[in-house]
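Kindly generate the corresponding structure for this input.
(chains A, B, C and D)
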Amino acid sequence: MEIDLERLRELMQAMGEFDVTRVELEDEEERLVLERGHLASAPQFTHAAPAAAPSPAPASAPSHGAAAEPEGSFITSPFVGTFYNAPSPDSPPFVNVGAEVAPGQTLCIVEAMKLMNEIEAEHACKILEVLIDNGQPVEFGARLFRIAPR
Amino acid sequence: MEIDLERLRELMQAMGEFDVTRVELEDEEERLVLERGHLASAPQFTHAAPAAAPSPAPASAPSHGAAAEPEGSFITSPFVGTFYNAPSPDSPPFVNVGAEVAPGQTLCIVEAMKLMNEIEAEHACKILEVLIDNGQPVEFGARLFRIAPR
Amino acid sequence: MFKKVLIANRGEIALRVIRACRELGIATVAVHSDVDDEALHVRFADEAVRIGSAAPSSSYLNVPAIIAAAEITGADAVHPGYGFLSENAAFAETCARCGLTFIGPRPEDMHQWGDKVQARALAKRLGIPMSEGSGVLADVDDAIREGERIGFPVMLKASGGGGGRGMHIIRNAERLRTAFPQAQAEAEAGFKNGDLYVERFVEEPRHIEFQILADGRGGVRVLGERECSVQRRHQKVLEEAPSCGLDPEIRADMNATLRRAIADTGYVSAGTVEFLMDERGNLSFMEMNTRIQVEHPVTEMVIGIDLVAEQIRIAAGEEITFPDGPVVPRGHAIECRINAEDPDTFAPWPGPILEYHPPGGAGIRVDSGVYGGFRVPAAYDSLLAKVIAHGRTRDEAIARMRRALDETIFTGIRTNVPLHRRILDNAEFRSGRYSTRLLERMAAEKASAKP
Amino acid sequence: MFKKVLIANRGEIALRVIRACRELGIATVAVHSDVDDEALHVRFADEAVRIGSAAPSSSYLNVPAIIAAAEITGADAVHPGYGFLSENAAFAETCARCGLTFIGPRPEDMHQWGDKVQARALAKRLGIPMSEGSGVLADVDDAIREGERIGFPVMLKASGGGGGRGMHIIRNAERLRTAFPQAQAEAEAGFKNGDLYVERFVEEPRHIEFQILADGRGGVRVLGERECSVQRRHQKVLEEAPSCGLDPEIRADMNATLRRAIADTGYVSAGTVEFLMDERGNLSFMEMNTRIQVEHPVTEMVIGIDLVAEQIRIAAGEEITFPDGPVVPRGHAIECRINAEDPDTFAPWPGPILEYHPPGGAGIRVDSGVYGGFRVPAAYDSLLAKVIAHGRTRDEAIARMRRALDETIFTGIRTNVPLHRRILDNAEFRSGRYSTRLLERMAAEKASAKP
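Numbering: from 1, shown residues only, chains lettered A, B, ... in the order given. Take a look at the predicted model:
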């Protein structure tokens, strides 16, 4: 049997795209069966549940960064707390969109328990977008900045 | 086998559009089956459950004809009761394997509540296998005979 | 005690009986139609026999098939649950003839309480309070005479009816003239019995019923009342125990009256005497149901007794297991019937349950007959599960039920959970002063609230 | 009353607290690690805040993150559940400093009952019965002197230990000589406190504990005992209330003694005093736990009180809601802890739950923290659900639990349901005369039964 891997891959991709779970093709010489999902179905079920379920009160977490899912790289919050883009209300922001940032440079503050935690850039990067408004609460892992690594 | 990916993709897309979950196409040369997603996965889950679950006490129904799943056509029991292959213990069986049976011919008896229900052949056929032993209980829909229609 | 019980039913009540049997050490046989091959009662019984196709007449009402299933599995008793064959005296007689114990009352009791007119006459003789009403009506003129004697509005009822079927509200004599022949034809067609009678009609009635239990060996118990006034088209939706509308003196009277009545008639097994309560708190007899009822758990929750286990023990010739004495309900219990239906239109909603999360925690009991992945068949009633909440007070039970509904999740099908939420949040319901017209009024309010 | 409570926990106890809050009309905030994004407490709380990664130190033990979550959501109180920060006095103090009410005892009570040696001294002063034991041991020779005075075998214990950690059975003086330095080093490493003491060792002990509740406004209740002798390596597996091994006279004495002790110390909130019962039925103090315990539902089932709701009300400054007086347990309750683990090797078994069917029906309560489709994380303890059965008698509760286990279905992971079935079928367990060595003996029997 000749396996046309490229075609098969394309077919698989199409199955995923259109949520097709089974393809059966048969002619006099050959038979092809593709199935999608069995193992994957359990986690999908899990995943679908919270969305589909009539949740008693949808978890209105202060900041679910994942909602809009913009593409790219992100700097996320290592702390729960309140996001500040400047050292004080009167100061200019630590960084603006378009800023080229050096490693170790302060990007913002996440305040918790009266402690001002400065969030620093780990690597050199460019700020493409500031995702949280000044003074807004953020949870652990919330996306703060969309960046382009350099 | 030639896979006409473009046609398949179109078909898949149409399935999604009209929420079609299964397409089966067959001609002399080829056979095509497509199954899609969400709704299809639920019954599978259902179906898998009883088998996988540590059932407290597996339903030891008197006769689950479906167990071995031999292929072919079958005559099934329209009644719950006890299967008898002959009119009395001393009589020869109504039919034996290999018998060519005419419509209306008695094949066996299913006894329930002291009533002897004669099961007759609806169509002409040949008996390929007798699936229940004499005196055994059968449930509704249990496969009694494997047959070849004529 | 029985060795093996066949349960001639499906859904949550089949599970309920299987549970009681298991706790009593009795093996169980489920019977089922072909669309119920994957049903929970089939999975949880020790044995299962497929007895017919989806149509109830081919399976759950198919007496020869059920008896044959008992024969081939060697069952020695049959529990009919509720609905289906549970009040069919002929079935009980057939069981007896085939050497099977029918777990329920004697056929003669089923027969006499099952016929509305006989039942009324019997209840009257037993001193059970009755609404003013007629005997079987000879003709339209007789109906009008009786209607005028009782005073309009009256309810025109079919002797053979029940569960809300065959009933018409008649507000004046002219209407009666047109309604009588029509109702007669309906009754003839629906119940094969054209007999009609009239009763006083109460504008804001409450449905109050008393649970009774008798062992045929001198043990008789009246186990308090249930309030079942939350109804839609005479179908109960939510029930509670005790009733907060019942006068304690009337409760005590009724306990004594029913005790005497049950003892006098020699009734055996569990039963329920249903009453209509008028605006002044007076009860009048509606009917006696000779079976375990859907809403029996609210009584179980407040008295701490397993009624189905008692019913099985009684059928096996045993005595009631708990001492006689005044029944003091412990706290308050509410039951919500969770149906597969649209919460607004009430259209049945069969289909696959994708995800099922039953509520849990303190004070919550769930009696269900389904699981995640089960496909609810269209052929049967839409009851998926009963959620029962118990609290020290009615307010505690309401709060508990409210949060339990919030964690009751069904995906893939629609359920009436939202309707139950609205009921529990309704001021009239919460006040405890409501009648069987509550749901009707809520629907009207909801409709008028929409622009 | 509080407006919003943050629950600093996960799993079934987080659900338990959310349920109590909802019934009291309090909004809830769940906190969670990133592997718990889909956990049930996150789904069922009104709000949820992700506070860290899987490691407990980064999330459920991360005090600054939890306080920050309370700050950004405007919570006014914190419930710590059990485990994690529930007995951490410093956390309770931090909450107070940040204007959050810690739902639990005062920090000083947590502190003094948390230290084994201080707790023993306090209990002695309060007249709570003690096993013969030493103070903190100066050195090996002191240990041997004390061991000989008490009589071998003795238990060598770490002052800072608890929950079965830091304990060694010593059968003679020679063994003590080698074990002492080793235990000291272990205690130093494990609890940052090398203090050791010895106690009389009971060969067939039973674990008996008393539930207490005090409102700080003069209301004190001793709510009967629980029997927790079904243990594996000092981890409770199955609990019941009441104990069928406790002498009624000792029960009455203990109720009076503990009542006085709690009133004298001014303890506030729920708590549990744990005792070891020797072969002659005498109790000796083990420890006082200053939190709600995993097994609290068995007490709730027999007294009809919601302990977590009482705990929350007390923290809000309210009085106990039920009258004082002798507590008469109504019936019998059993709890089975259903863990994700191999029923034979006890190896934890995290992973995706493909199908989940909890038991239901009369007398069954389920406190769970999972659902079908949930992936059980490897980072936390393996408790999936607690099944609690209530019956009029112990036999009825056992029969009910036995059938409930038969309908408890988890696919995809292994659970200890088969172990629970074996326990309930075990003759020693059924007799009610068993000690904490039951499981050990069952394992040995099982091993020897294999060829």
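
interface residues of chain C facing chain A?
Contacts of chain C with chain A, taken as CB under 8 Å from any CB of the partner chain, map to C:354, C:355, C:357, C:406, C:407, C:409, C:411, C:417. C-betas here are computed from N, CA, C, even on glycine.

Determine if any part of the longest strand anywhere in chain C is in contact with chain D.
Across chain C, the strand with the greatest residue count (assigned by DSSP state E) is strand C:220-232. No: counting by CB under 8 Å from any CB, chain D is not contacted by strand C:220-232; separation bottoms out at 14.4 Å.

Excluding chain neighbours, what is closest to the residue nearest the centre of chain C?
Central residue of chain C (CA atoms, centre = their mean): residue C:293, 3.8 Å from the mean position. Nearest non-adjacent residue to residue C:293, counting by CB to CB, 6 or more residues apart in numbering or on different chains: residue C:272, 5.3 Å away.

Residue C:26 contacts residue C:6, doesn't it?
No: using CB atoms under 8 Å, residue C:26 makes no contact with residue C:6, being 10.7 Å away.

now check stretch C:334-351, is it near chain D?
No: on the criterion CB under 8 Å from any CB, stretch C:334-351 is out of touch with chain D, staying 12.4 Å away.

and the closest residue to chain A within chain C, how many residues sit next to it?
When scored by CB to the nearest CB, chain C has residue C:406 as its residue closest to chain A, at 3.5 Å. Residues contacting residue C:406 under the criterion other CB atoms under 10 Å in any protein chain shown number 19.

Have a look at residue C:26 and residue C:6 and say which one is more surrounded.
residue C:6 (31 against 23).

CA atoms of whichever helix or strand that one is part of as CSV?
Using DSSP states H and E, the element containing residue C:6 is strand C:4-7. The C-alpha trace of strand C:4-7 is given here as CSV (Å, rounded to 0.1, in the frame of the first residue of the first chain):
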residue,chain,number,x,y,z
LYS,C,4,-35.8,-11.7,43.8
VAL,C,5,-38.1,-8.8,42.9
LEU,C,6,-39.0,-7.8,39.3
ILE,C,7,-39.5,-4.1,38.9
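
list the contacts for residue C:250?
Shown in contact with residue C:250 (CB atoms under 8 Å, 6 or more residues apart in numbering or on different chains): C:281, C:282, C:283.

What's the ChimeraX syntax to select whichever of those are buried?
To isolate the buried members of the contacts of residue C:250 in ChimeraX, using 16 or more other CB atoms under 10 Å in any protein chain shown:
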select /C:283
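
could the contacts of residue C:250 be laid out in TSV, adding distance to residue C:175, pLDDT and secondary structure?
Shown next, in TSV, are the contacts of residue C:250 (distance: CB to CB, whole Å; pLDDT from 0 to 100; DSSP: H, G, I helix; E, B strand; the rest coil):
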residue	distance to residue C:175	pLDDT	secondary structure
C:281	29	92	coil
C:282	26	92	coil
C:283	27	95	strand
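
mind listing the helices for the stretch 151-300 of chain C?
For the stretch 151-300 of chain C, applying DSSP state H, counting those that start in this stretch gives helices covering C:173-191, C:248-265, C:296-303.

out of these, deepest packed?
Among the helices of the stretch 151-300 of chain C, ranked by average contacts under mean count of other CB atoms under 10 Å in any protein chain shown, first place goes to helix C:296-303 (a mean of 26).

Between strand C:220-232 and that helix, find me the angle.
Comparing the axes of helix C:296-303 and strand C:220-232 via axes from the mean of the first three to the mean of the last three CA atoms, to 10 degrees yields an angle of 130 degrees.

Please see if helix C:296-303 touches chain D.
Yes: residues of helix C:296-303 contacting chain D under CB under 8 Å from any CB: C:297, C:300.

Using CSV, write down the CA coordinates of that helix.
Output of helix C:296-303 as CSV, limited to C-alpha atoms (Å, rounded to 0.1, in the frame of the first residue of the first chain):
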residue,chain,number,x,y,z
HIS,C,296,-43.2,10.2,48.6
PRO,C,297,-39.6,11.3,49.4
VAL,C,298,-40.7,14.6,51.1
THR,C,299,-42.6,12.5,53.7
GLU,C,300,-39.5,10.2,54.0
MET,C,301,-37.3,13.2,54.7
VAL,C,302,-39.4,14.5,57.6
ILE,C,303,-40.2,11.2,59.2
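
Contact partners for residue 115?
Using chain A here. Contact analysis of residue A:115 by CB under 8 Å, 6+ apart lists residue D:64.

Not quite, go with chain C.
Residue C:115 makes contacts with C:159, C:160, as judged by CB under 8 Å, 6+ apart.

Going along the chain, name the helices of chain A.
Using DSSP state H, the helices of chain A run over A:5-17, A:38-52.

can you give me the strands in chain A?
A:20-26, A:31-35, A:73-76, A:81-84, A:100-101, A:106-112, A:115-120, A:125-130, A:137-138, A:143-149.

Show me which residues of the second one are buried.
Neighbour counts over strand A:31-35 (16+ other CB under 10 Å) mark residue A:32 as buried.

Where does pLDDT dip in chain A?
Counting by pLDDT under 70, the low-confidence segments of chain A come to A:1-5, A:36-71.

what about the residue of it most remote from its centre, distance to residue B:31?
Distance to the chain centre peaks in chain A at residue A:28, reaching 47.2 Å (criterion: CA atoms, centre = their mean). Distance from residue A:28 to residue B:31, counting by CB to CB, to the nearest Å: 10 Å.

Pretty sure residue C:154 sits against residue C:147.
Yes: the pair residue C:154 / residue C:147 is scored as a contact, 4.9 Å apart, by CB under 8 Å.

and the stretch 351-451 of chain C, which residues reach chain D?
Counting by CB under 8 Å from any CB, the stretch 351-451 of chain C sits next to chain D at C:355-358, C:360-368, C:371-373, C:392, C:396, C:399-400, C:402-403, C:406-407.

Let's see which of those residues end up in strands.
Counted as lying in strands by DSSP E, out of these, are C:355, C:356, C:357, C:364, C:365, C:366, C:367, C:368.

My assumption is that residue C:18 lies in a helix; please confirm.
Yes: the assignment for residue C:18, made by DSSP: H, G, I helix; E, B strand; the rest coil, places it in a helix.

Verify the stated contact: it with residue C:45.
Yes: contact criterion CB under 8 Å: residue C:18 and residue C:45 qualify, at 5.5 Å.

about what we covered before: what strands flank the strand holding residue C:6, and is each parallel or antiparallel?
strand C:27-33 (parallel), strand C:77-79 (parallel) (DSSP bridges).

which residues are contacting that strand?
C:14, C:17-18, C:21, C:26-31, C:41, C:45-46, C:66, C:69-70, C:73-79, C:81, C:100, C:103, C:312.

One more: stretch C:271-286?
Stretch C:271-286 is touched from outside by C:105, C:113, C:120, C:123, C:128-131, C:199-200, C:202-214, C:245-247, C:250, C:254, C:258, C:262, C:287-291, C:293, with contacts defined as CB under 8 Å, 6+ apart.
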